[in-house]
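Participant: Structure here, sequence nowhere to be found:
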């Protein structure tokens, strides 16, 4: 691989293929696979990721917002797309672009039926979301009769699926809570199917659910972070391959004296004669200020160089005292070996946050 000459995010599509096939191998034959490509495909590139997964015959995509689905449709993606958090102002667009909404409240259900009927829809697919313990979005179990009543009084929509979201499927200390969620969802599905004349698909598991609760895969699973190389445990991380590497270069090197300050607000003061390097990446690129002040480090020529001082909008400064390097040398923020999860954990956050924060101004390079 050629060394980076600027700040760049490398995306390894071969690693994506590996992760998809590994996760799919955990499923029973016939269980559908929904790939979550919200938040610019977890900070990579939703269009390129979706095109690659569509070529691998993925069954479904999910995005958070309508606009994300429109971007995929504009790029020629034809696979069904579930919009997880639609708003009524976008319902017409959802119909126009053949997107499928999550219906999560009485208000959303009534308003989508109204729009669907006004545009002469028949059996338009929707996905009914139930709250089983995450307490974020979703109907309650005692809303089933209301939902059934609404569905029976219109031909405009049909419940393509029922689904919920596990709150702590990666946390083995919360197994009892997760099992309770699974049982609650099972009870909801049984009651719903008993009261309506067809059987919607059922889906509950996220990546950790797929790996830790195989009996809860139902008709489909929804995988996000696992596709991008993280399994929420050391064991599963070893079975997956991070698809993204964030790299930059040394712009300039300074030698500073003892007690000289570095960066805004003089947040760092040298402990002696030190050598520091300036890197062209900052909080506008996704490197939050929480990573500054020696909370974490970058890799330069195989050595750890702590980030010193406050992270600037477009730059970070690192301590390279004792590290052999020169201006123009490559800097690794995270890659396949020095993982994003490690970089994030050193500042007490999670891989999701650093991955999804990578700015669109950072150039993407796809390795095919």
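Facilitator: That came through fine. All of these numbers come straight from a predicted model, not from anything done at the bench.
Participant: quick one: buried residues of stretch 237-248?
Facilitator: 237, 239, 240, 241, 242, 243, 244, 245, 246, 247, 248 (16 or more other CB atoms under 10 Å). (C-beta placed from N, C-alpha, C; glycine too.)
Participant: so of the residues you listed, which ones are in strands?
Facilitator: Counting by DSSP state E, those place 244, 245, 246, 247, 248 in strands.
Participant: before we move on, the earlier item: ok, of the buried residues of stretch 237-248, which one's closest to residue 130?
Facilitator: residue 240 (29.2 Å; CB to CB).
Participant: For the closest one, give me its contacts.
Facilitator: Residues in contact with residue 240 (CB atoms under 8 Å, 6 or more residues apart in numbering) are 18, 19, 22, 226, 229, 230, 231.
Participant: Next step: these restricted to helices.
Facilitator: 18, 19, 22 (DSSP state H).
Participant: my read: the second one touches residue 227, true?
Facilitator: Yes - proximity of residue 19 to residue 227 meets the contact threshold set by CB atoms under 8 Å, at 5.1 Å.
Participant: out of these two, which sits in the more crowded spot?
Facilitator: Neighbours were counted for residue 19 and for residue 227 using other CB atoms under 10 Å; residue 227 has more, 27 against 24.
Participant: What distance do you get for the more buried one to residue 49?
Facilitator: Computed as CB to CB, to the nearest Å, the residue 227 to residue 49 distance reads 8 Å.
Participant: anything in contact with each of the two?
Facilitator: In contact with both residue 227 and residue 49: 16, 35, using CB under 8 Å, 6+ apart.
Participant: from the contacts of residue 240, which is closest to residue 120?
Facilitator: When those are compared against residue 120 (criterion: CB to CB), the nearest one is residue 226, at 40.0 Å.
Participant: contacting residues around that closest one?
Facilitator: Applying CB under 8 Å, 6+ apart, the residues near residue 226 are 19, 23, 207, 210, 211, 236, 240.
Participant: Out of the residues you listed, which one has the weakest pLDDT?
Facilitator: For the contacts of residue 226, the model is least confident at residue 236; its pLDDT is 88.
Participant: neighbours around it, how many?
Facilitator: Quick note: residue 236 (other CB under 10 Å) scores 19 neighbours.
Participant: That one and residue 210 touch, don't they?
Facilitator: No - using CB under 8 Å, residue 236 makes no contact with residue 210, being 9.7 Å away.
Participant: Tell me which stretches of the stretch 51-200 of the chain form strands.
Facilitator: Under the criterion DSSP state E, counting those that start in this stretch, the stretch 51-200 of the chain contains strands at 60-63, 81-83, 100-103, 124-129, 157-163.
Participant: Can I get those strands in CSV including distance to residue 280?
Facilitator: Listed next are these as CSV, based on distance: least, CB to CB, whole Å:
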stretch, distance to residue 280
strand 60-63, 31
strand 81-83, 36
strand 100-103, 40
strand 124-129, 42
strand 157-163, 43
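Participant: What score does residue 346 have for pLDDT?
Facilitator: 84.
Participant: ok, it - contacts?
Facilitator: 291, 295, 296, 297.
Participant: repeat that with 6 Å
Facilitator: Going by CB atoms under 6 Å, 6 or more residues apart in numbering, residue 346 touches residue 296.
Participant: Would you mind stating the distance between it and residue 327?
Facilitator: Distance of residue 346 to residue 327, computed by CB to CB: 26 Å.
Participant: check contacts around residue 169.
Facilitator: With contacts taken as CB under 6 Å, 6+ apart, residue 169 has the following neighbours: 178, 208, 209, 212.
Participant: OK, contacts around the last one?
Facilitator: Looking back up the chat, that one is residue 212. residue 169.
Participant: Dihedrals phi and psi, it?
Facilitator: Phi and psi for residue 212, reported as degrees, to the nearest 10, are phi -100, psi -20.
Participant: mind checking pLDDT for it?
Facilitator: Model confidence at residue 212 (pLDDT) stands at 96.
Participant: go on, the first one?
Facilitator: Confidence per residue is given as pLDDT, and for residue 178 that number is 97.
Participant: Check residue 172 too.
Facilitator: For residue 172, pLDDT reads 89.
Participant: Find the least confident helix or strand in the chain, judged by mean pLDDT.
Facilitator: Within the chain, confidence by mean pLDDT, DSSP states H and E is lowest for helix 234-237 among all helices and strands, at a mean of 86.
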